[in-house]
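*Asks:* curious how this folds, go ahead:
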Amino acid sequence: MTTRAGGVSGTVADDGDGAALAGLASMNLGRSVGDDPANVARNRHRVAMAIGGVPVFLKQVHGTAVLRLRPEHALPGADPEPADASISTDPALACAVMVADCLPVLFAGSGVVGAAHAGWRGLAGGVLENTVAAMREAGGDGPIQAWMGACIGPDRFEVGADVLDAFGVAPLHHDQPLFRFQPNASGEPRWLADLHGLARRRLAPLGLVEIRGGGGCTLSEPSRYFSFRHERVDGLRSGRMAAVIRLR
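*Replies:* Numbering: from 1, shown residues only. Predicted coordinates for the structure are as follows:
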């Protein structure tokens, strides 16, 4: 998983808004956040060199669709259908998901790898289950392991009753498993949600041989991570990080 360090973004303020562009410094991988396209291309090239393959970035929509990567997805100007997860059986094609508070989950199996973009909508909808199912369909029933990257942490991810309802949790005015009740001045009930814990709960029944990772809070560590929600704190644009995996 990348952090915000090691790139070239924020160094050229071609729109005269240097302060805002500084919020993209320096390894921004997102094309739709107001960055110079040339900087994004250079940053993505650095990721490709580091991973030793072509990372295929998805058109993410907070859904549950899984794209099986094919060579045409790596061509310049490729426009694959929207998906929030991908799998690959080709060592030349790396699975990549972009995040800036949502949870990235990487999967390694026998002859197949996968990556999933798991915000609360995707988690509740089954994006992790769909990714594992697609991997098993492509690579058989061999062992699969998962690794969770950094996301907004359980002390900072404030949600409403709609999120609890999406996970089948009754929105009572007290702590729930993986949802800590958070009274506030407005009187509207709120909770602090544990994305890593919710992902572990969804992964547990899938028969994986190992589930690792799960550290780091993107909102609490703005010097290390991009955070979409941190835009409200410092008023700067937020870039995008990526979690990437490929077969050797």
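
*Asks:* for Asp162, give its distance to Gly122.
*Replies:* Look at Asp162 and Gly122: by Cβ to Cβ, to the nearest Å, they are 15 Å apart. The C-beta positions use only the backbone N, C-alpha and C, and glycine is treated the same way.

*Asks:* so the two - more neighbours on which side?
*Replies:* Gly122 (28 against 9; other Cβ atoms under 10 Å).

*Asks:* roughly how far does the more buried one sit from Gly187?
*Replies:* Applying Cβ to Cβ to Gly122 and Gly187 gives a distance of 30 Å.

*Asks:* so which bits of the longest helix along the chain are buried?
*Replies:* In the chain, assigned by DSSP state H, the helix with the most residues is helix 37-51. Residues Asn39, Val40, Asn43, Arg44, Arg46, Val47, Ala48, Ile51 are the ones in helix 37-51 that count as buried (16 or more other Cβ atoms under 10 Å).

*Asks:* what are the buried residues along stretch 173-180?
*Replies:* Leu178, Phe179, Arg180.

*Asks:* the bottom helix or strand of the protein by mean pLDDT?
*Replies:* helix 18-22 (a mean of 66; mean pLDDT, DSSP states H and E).

*Asks:* so where is this protein shaky, pLDDT-wise?
*Replies:* Low-confidence segments of the chain, defined by pLDDT under 70: 11-20.

*Asks:* quick one, strands of it?
*Replies:* Listed in chain order, the strands of the chain (DSSP state E) span 54-57, 66-68, 85-88, 93-99, 103-108, 113-118, 145-148, 158-159, 179-181, 191-193, 210-213, 241-245.

*Asks:* quick one: which of these is nearest Pro222?
*Replies:* Taking Cβ to Cβ, strand 241-245 is the member of those nearest to Pro222, at 12.3 Å.

*Asks:* list the helices and strands that closest one packs on?
*Replies:* When contacts are defined as 3 or more Cβ pairs under 8 Å, 6 or more residues apart in numbering; DSSP states H and E, strand 241-245 sits against helix 37-51, strand 54-57, strand 93-99, strand 103-108, strand 113-118.

*Asks:* so which of the ones you listed gets nearest Trp147?
*Replies:* Proximity to Trp147, assessed across the helices and strands packed on strand 241-245 by Cβ to Cβ, is greatest for strand 103-108 (4.7 Å).

*Asks:* which residues does stretch 178-194 contact?
*Replies:* Here stretch 178-194 makes contact (Cβ atoms under 8 Å, 6 or more residues apart in numbering) with 120, 154-161, 163-164, 169, 171, 173-176, 197-198, 201.

*Asks:* can you mark which positions in it are buried?
*Replies:* Applying 16+ other Cβ under 10 Å to stretch 178-194 flags Leu178, Phe179, Arg180, Pro189, Arg190, Trp191, Leu192, Ala193, Asp194 as buried.

*Asks:* roughly how far is that stretch from the heart of the chain?
*Replies:* 24 Å (Cα atoms, centre = their mean, to the nearest Å).

*Asks:* okay, how far is it across it, tip to tip?
*Replies:* 5 Å (Cα to Cα, to the nearest Å).

*Asks:* what of stretch 231-246?
*Replies:* OK, stretch 231-246 end separation, Cα to Cα: 31 Å.
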